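>>> Turn this into a structure:
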Amino acid sequence: MIQGADRLNLVSEYYFSRKLKEVAQMNAEGKNVISLAIGSPDMPPSESTIEKLCEVARDPSAHGYQPTMGTAELREAMTGFYKRWYDVDLDAKTEVLPLIGSKEGILHITLAFVNPGDAVLVPNPGYPTYTSLSKILGAKIVNYNLREDNGWQPDFDELENMDLTGVKLMWTNYPNMPTGGRAQRETYERLVKFAMDHDIVVVNDNPYSFILSEEHLSILQVPGAKECCIELNSMSKSHNMPGWRVGLCATNAQFIQWILKVQSNIESGTFRGIQLAAAEAYRNDEAWHREFNINTYARRRKWAEKIMDVLGCTYDKSQVGMFLWGKIPESVANVEDLTENVLHEARVFITPGFIFGSNGERYIRISLCAKEEKIEEALHRIQKLTK
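Sure, this is the predicted structure:
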């Protein structure tokens, strides 16, 4: 009999892939589920971005293969974006690499730095792809704790006391998903020192620094960070472009070359229209970012907080990002009991925190990627359920 590869036994189908099929079946039965689970912005990119895409798409000469390294226009826009918002200087020719989103970047970076049997440090709780792709590629997972009482920041004393033998990469994500923990300059400084002290490459995944945040921080702002750290950034969240699949990787020229060697053997360059439209989007002004990244999500957050209150959850009002992370009450035995009850009785899909790791087992996550009236309707449904 034909068998699948052994690596398939190391991972399960992505939680949202599996659960969305269930939600689709419920919707087919007329149950009209409101999804507050996925972080997929429901707003459009800027008008100038769309216009640029249409303009380039009408050019008969624009439809050929593009360089994997990306067009010069896109790389210049990416470095300009980093200088304008983070005050980080990058060489457009050698220190930035366009990606088809951060998830692909996680794959390429792991392939470039980690041999089978090497170890990677993964946050708990954290983005499940850090774990699943590492397992598929034969890496050993070493979890490090993020805890609410420490602001969801790494415990560096605990890290120093861990067995770091064979560790090649450390995944970090600030502002943090799923917890909404804020990026902190002190954390970035300590991460850079940790990387230098232990010859570990720290990879900071940074797609949320514009969402409900007035402060835009990058690990590359720390002196020396570029020599031992990599930063991923994505247009999905900050520019309302999740389906466009445009992100970037920024680091030193040698690291970029290693990652490009992998990337160029896996994929070809993105359609020229998307690249030039993305370059246009990187020039969005402060007013656009304030309206879409702050004002809109702030209005939605108020409704999400009311849902947390109705469910008896506690949460940190200072958290940022496009989710609200809350701790379930002691009276609830299991987080999935709560989320499944809300899904099947109130017809509202929210995310149980256990999918992000054991430190998320007493938490839920509510996405802000729905219109205010939808979140308000979700609130009313849950209110009826809890009476």
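>>> which stretches of the protein have low pLDDT?
Scanning the chain for pLDDT under 70 picks out no residues.
>>> Would you map the strands across it?
When secondary structure is read from DSSP state E, the chain shows strands at 34-35, 96-99, 119-124, 140-145, 167-173, 201-205, 229-234, 247-250, 314-315, 323-327, 348-349, 351-352, 363-367.
>>> tell me the angle the fifth one makes with strand 119-124.
Read that as strand 167-173. With axes from the mean of the first three to the mean of the last three Cα atoms, to 10 degrees defining the directions, strand 167-173 sits at 20 degrees from strand 119-124.
>>> list the contacts for residue 105?
For residue 105, the set of contacting residues under the criterion of Cβ atoms under 8 Å, 6 or more residues apart in numbering consists of 99, 232, 247, 249, 259. To be clear about C-beta, it is placed using only N, CA and C from the backbone, and glycine gets the same treatment.
>>> which ones are touching residue 72?
Neighbour list for residue 72: residue 92 [criterion: Cβ under 8 Å, 6+ apart].
>>> brain fart, residue 210
Residue 210 sits next to 85, 216, 237, 238, 289, 293, 294 when contact means Cβ under 8 Å, 6+ apart.
>>> Repeat the analysis, applying 6 Å as the threshold.
Listed by Cβ atoms under 6 Å, 6 or more residues apart in numbering, the contact partners of residue 210 are 238, 289, 293.
>>> export those residues to CSV and tack on neighbour count and distance to residue 373?
Below are those laid out as CSV (neighbours: other Cβ atoms under 10 Å; distance: Cβ to Cβ, whole Å):
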residue, neighbour count, distance to residue 373
238, 25, 24
289, 18, 24
293, 24, 20
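>>> Which members of these are positioned in helices?
The members of these that map onto helices under DSSP state H are 238, 289.
>>> and which of the contacts of residue 210 is nearest residue 364?
The shortest separation between residue 364 and any of these is 23.4 Å, and it belongs to residue 293 (by Cβ to Cβ).
>>> Just give the nearest non-adjacent residue to that closest one, would you?
residue 210 (4.4 Å; Cβ to Cβ, 6 or more residues apart in numbering).
>>> ok, now how distant is the one you found from residue 200?
Note on residue 210: its distance to residue 200, by Cβ to Cβ, to the nearest Å, is 28 Å.
>>> Please apply the same query to residue 79.
26 Å.
>>> Would you check how far apart residue 86 and residue 220 are?
In this view, residue 86 and residue 220 are 7 Å apart by Cβ to Cβ.
>>> Looking at those two, which is more packed in?
Neighbours per residue (other Cβ atoms under 10 Å) separate residue 86 from residue 220, with residue 220 holding more: 25 against 20.
>>> So residue 293 sits against residue 211, correct?
Yes. Using Cβ atoms under 6 Å, residue 293 is in contact with residue 211, at 5.4 Å.
>>> picking that back up, can you list the contacts of residue 210 in CSV and add distance to residue 13?
Compiled in CSV, the contacts of residue 210 are given as follows (distance: Cβ to Cβ, whole Å):
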residue, distance to residue 13
238, 28
289, 35
293, 32
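>>> Could I get the contacting residues of residue 307?
With contact set as Cβ under 6 Å, 6+ apart, residue 307 has these partners: 379, 382.
>>> From residue 364, how far off is it?
According to Cβ to Cβ, residue 307 and residue 364 sit 9 Å apart.
>>> just residue 12 next, same as before
Separation of residue 12 from residue 364 (Cβ to Cβ): 20 Å.
>>> and if you look at residue 1?
Counting by Cβ to Cβ, the separation of residue 1 from residue 364 is 42 Å.
>>> Lovely, talk soon.
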